[in-house]
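In: Quick one: sequence plus predicted model below, questions after.
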Amino acid sequence: MKARSLPLLFLFALLCAQPARALERWLYCAQNLWVDKNIEALDTLLRRAAKAGYTHVLLTDSKFAKLDEMDARYFRNVERVKKLAAELKLEIVPAVFPVGYSNDILWHDPNLIEALPVRDALFVVKGGEARLVAEQGMLLKGGDFSDLKLWGWYDPTVVAQDGAVLIQNPNGQNARISQKLKLTPFRQYHVSVRVKTEEFRGTPEVKLLAGNRGLNFDSLRVKPTQDWTTHHVVFNSLSNTEAQIYFGCWGGRSGSLWFDDAKLEEVGLLNLVRRSGAPLVVRREEGEALSERKDFEPVIDPRMGVKPWKGSYDVYHEPAIIWTKLADGTRLRVSYYHGVTVNEDQAMICPSEPRTVELLHDQARRMHTAWGAKGYMMSHDEIRVLNWCDACQRRGLDAGALLADNARTCVKILREVNPGGRIYVWSDMFDPNHNAHKDYYLVRGDLAGSWEGLDKDVIILPWYFEKRAQSLKFFADRGHRQIIAGYYDAKPERVRDWLEAAKPFPGVAGVMYTTWEHKFADLERFAEVIGEVERAR
């Protein structure tokens, strides 16, 4: 019995003695392939990567979402990149499905943006126009900052100066002035404020908080040094009757920042979205529903989602108007949906509209025709507005189930277009240790369970450094292979911490040099550190 076991033991020992398979080395690269000189720059970069031992390139381009508009030059450049990659033995993994950062695909139809609801706002007819009439009195007290006693409180780092408030050299301390607001639920509000800076190092903000949840996340885009400039914030009160408004900064460092002439008003029909899943309802205050084209002219916001180009949304402009022949003084109640962006114009596409799925399928088909790649990257990432429009809400799904359904649909599309091909996806929206939880930005509901939309054959790119061990374990336990998305414009040596955390878990197949600042100076050193770790195993 023991003698017969020896060959098996020998085989087991031989397998254990085999060196671990080398990790794939990935490079993340965003590039506009329509510009010829960018291909030359990409040539130089990919030759450096190949020489340093890289094996894969995750390539993204905003034009990937609109290949139907690209000319012959663009596709010639695609062929140049494919030929170069083949020469260098680099596998190109193109990115598809911009779900989260959706501006590129929203170029096809800006009205597909995920939208927030306004319910029963009051409009009154005068001179053939129905315009919003605010039902509340003064919303913001002391907005001219001439009397700071009108505010609820302010940090010691905020002082009055010549009819404005000044924040100077906060040295890491919070510097805010705040008051409580009374709001009407599910209404659209506009804040304007003048801001001036001198060599200010920090992030000036206007922030609306309802309990622990933010109501606005768009950047003010204030420059470190600027003369008095009016900035705008637009938010939806959602279900809240109260909120706290803040003007100031958190953890600023040095320089001077002034605020003056803050105003808050209710607005209507700003960035109005028109699609079947975001209906406009106009009725008399007594209850009778009115008919578009019969009782009032078609309502559109011509500046919604087109400035400076389609799929780009400005925060504030003159709202749309309801044109009607109804008698002056007629009181209307208007319900509608409006688009909202996050940070620097980030817009999310509605996953529930059939047209969205059509666009995703069309992109996958065109991309595979152009690239013929072995695998594609699903760009689901930081989905910050979800599950508010009628198209989403009438499905009766929580946010996690809604996202899982979209992910499952996208996986199916790729398998139809590219049978047997590999599928990759960013980790964050499917990771309970990261963004897959409740109270995430302007997501309605709980994102838990989103990971159920990914079967074990989908390869995950985890990128949350602070909880790397928990994330790696979560996806390993679900049977996924993983490619670590490291670097993130930090010291290249930090990849050691990722690889140390990955030791207990099977299926970690590679590491990616992930730069969002187009910083490639550490490309070679990053690969060297990975090699040092592998040799020390």
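Out: Happy to help now that I have it.
In: all strands for the stretch 401-537 of the chain, in order.
Out: 422-426, 442-443, 459-461, 482-487, 508-514 (DSSP state E, counting those that start in this stretch).
In: Quick check: buried residues in the fourth one?
Out: Residues of strand 482-487 classed as buried by neighbour count (16 or more other CB atoms under 10 Å): 482, 483, 484, 485, 486, 487. To be clear about C-beta, it is placed using only N, CA and C from the backbone, and glycine gets the same treatment.
In: What's the mean pLDDT across it?
Out: Averaging pLDDT along strand 482-487 yields 98.
In: Report the angle between that strand and strand 422-426.
Out: 40 degrees (axes from the mean of the first three to the mean of the last three CA atoms, to 10 degrees).
In: Please name every helix or strand in contact with strand 482-487.
Out: strand 24-30, strand 459-461, helix 468-477, helix 495-502, strand 508-514 (3 or more CB pairs under 8 Å, 6 or more residues apart in numbering; DSSP states H and E).
In: residue boundaries of the helices in the chain?
Out: 2-17, 36-51, 72-88, 103-106, 354-371, 390-393, 399-417, 468-477, 495-502, 523-535 (DSSP state H).
In: Columns mean neighbour count and mean pLDDT on top of those, output as CSV?
Out: Output for the helices of the chain, formatted as CSV (neighbours: other CB atoms under 10 Å; pLDDT from 0 to 100):
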stretch, mean neighbour count, mean pLDDT
helix 2-17, 8, 43
helix 36-51, 15, 98
helix 72-88, 15, 98
helix 103-106, 24, 98
helix 354-371, 18, 98
helix 390-393, 20, 98
helix 399-417, 21, 98
helix 468-477, 20, 98
helix 495-502, 19, 98
helix 523-535, 18, 97
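In: Any idea which of the ones you listed gets closest to residue 124?
Out: When the helices of the chain are compared by CB to CB, helix 390-393 sits nearest residue 124, at 25.6 Å.
In: packing partners for the closest one?
Out: Using 3+ CB pairs under 8 Å, 6+ apart as the contact test, no helix or strand touches helix 390-393.
In: Adjust the sequence numbering to begin at 286 for everything that follows.
Out: Okay, residue one is now 286; in that scheme the one you just asked about reads as helix 675-678.
In: Now tell me what touches it from outside.
Out: 399, 402, 560-564, 622, 635-638, 671-672, 687, 729 (CB atoms under 8 Å, 6 or more residues apart in numbering).
In: just the buried members of those?
Out: Applying 16+ other CB under 10 Å to those flags 399, 402, 560, 562-563, 622, 635-638, 671-672, 687, 729 as buried.
In: Switch the helices of the chain over to JSON lines; also include distance to residue 496.
Out: Formatted as JSON lines, the helices of the chain follow (distance: least, CB to CB, whole Å):
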{"stretch": "helix 287-302", "distance to residue 496": "55"}
{"stretch": "helix 321-336", "distance to residue 496": "46"}
{"stretch": "helix 357-373", "distance to residue 496": "48"}
{"stretch": "helix 388-391", "distance to residue 496": "30"}
{"stretch": "helix 639-656", "distance to residue 496": "31"}
{"stretch": "helix 675-678", "distance to residue 496": "22"}
{"stretch": "helix 684-702", "distance to residue 496": "18"}
{"stretch": "helix 753-762", "distance to residue 496": "27"}
{"stretch": "helix 780-787", "distance to residue 496": "34"}
{"stretch": "helix 808-820", "distance to residue 496": "42"}
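In: For stretch 590-609, buried residues please.
Out: 590, 596, 597, 598, 599, 600, 601, 604, 605, 606, 607, 609.
In: Just the mean pLDDT for it, thanks.
Out: pLDDT averaged over stretch 590-609 gives 96.
In: Was I right to think residue 645 contacts residue 387?
Out: No - taking contacts as CB atoms under 8 Å, residue 645 lies outside contact range of residue 387: 10.4 Å.
In: Residue 563 pairs with what?
Out: residue 560 (DSSP bridges).
In: Provide the backbone phi and psi angles at residue 565.
Out: phi -100, psi 130 (degrees, to the nearest 10).
In: Contacts for stretch 584-592, please.
Out: 391, 395-396, 398, 554-559, 565, 577, 596-599, 602-607, 624, 632.
In: Could you rerun that using 7 Å?
Out: 391, 395, 398, 554, 556-557, 559, 565, 577, 596, 598-599, 602, 604-605, 607, 624 (CB atoms under 7 Å, 6 or more residues apart in numbering).
In: for stretch 475-486, same thing?
Out: Counting by CB under 7 Å, 6+ apart, 489, 491, 505, 507-519, 532, 537-550, 552, 601 sit against stretch 475-486.
In: Off-centre distance for that stretch?
Out: 24 Å (CA atoms, centre = their mean, to the nearest Å).
In: Can you give me the buried ones in it?
Out: Of all the residues in stretch 475-486, those buried under the rule 16+ other CB under 10 Å are 475, 476, 477, 478, 479, 480, 481, 482, 485.
In: Then stretch 542-555?
Out: The neighbour-count check on stretch 542-555 (16+ other CB under 10 Å) flags 542, 543, 544, 545, 547, 549, 551, 552, 553, 554, 555 as buried.
In: what's the answer for stretch 577-584, then?
Out: For stretch 577-584, by 16+ other CB under 10 Å, it's 580, 581, 584.
In: As PDB, could you dump the C-alpha coordinates of that stretch?
Out: Taking C-alpha atoms only, stretch 577-584 is exported to PDB below (Å, rounded to 0.1, in the frame of the first residue of the first chain):
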ATOM      1  CA  GLU A 577     -48.700  68.400 -24.100                       C
ATOM      2  CA  ARG A 578     -49.200  69.900 -27.600                       C
ATOM      3  CA  LYS A 579     -52.900  70.500 -26.800                       C
ATOM      4  CA  ASP A 580     -52.800  72.500 -23.600                       C
ATOM      5  CA  PHE A 581     -49.200  73.600 -23.700                       C
ATOM      6  CA  GLU A 582     -46.300  73.500 -26.200                       C
ATOM      7  CA  PRO A 583     -43.700  70.700 -26.100                       C
ATOM      8  CA  VAL A 584     -41.300  71.400 -23.200                       C
END
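In: Measure how far that stretch is from the centre of its chain, please.
Out: Distance of stretch 577-584 from the chain centroid (CA atoms, centre = their mean) equals 35 Å.
In: do stretch 764-779 as well
Out: With CA atoms, centre = their mean, you get 20 Å for stretch 764-779.
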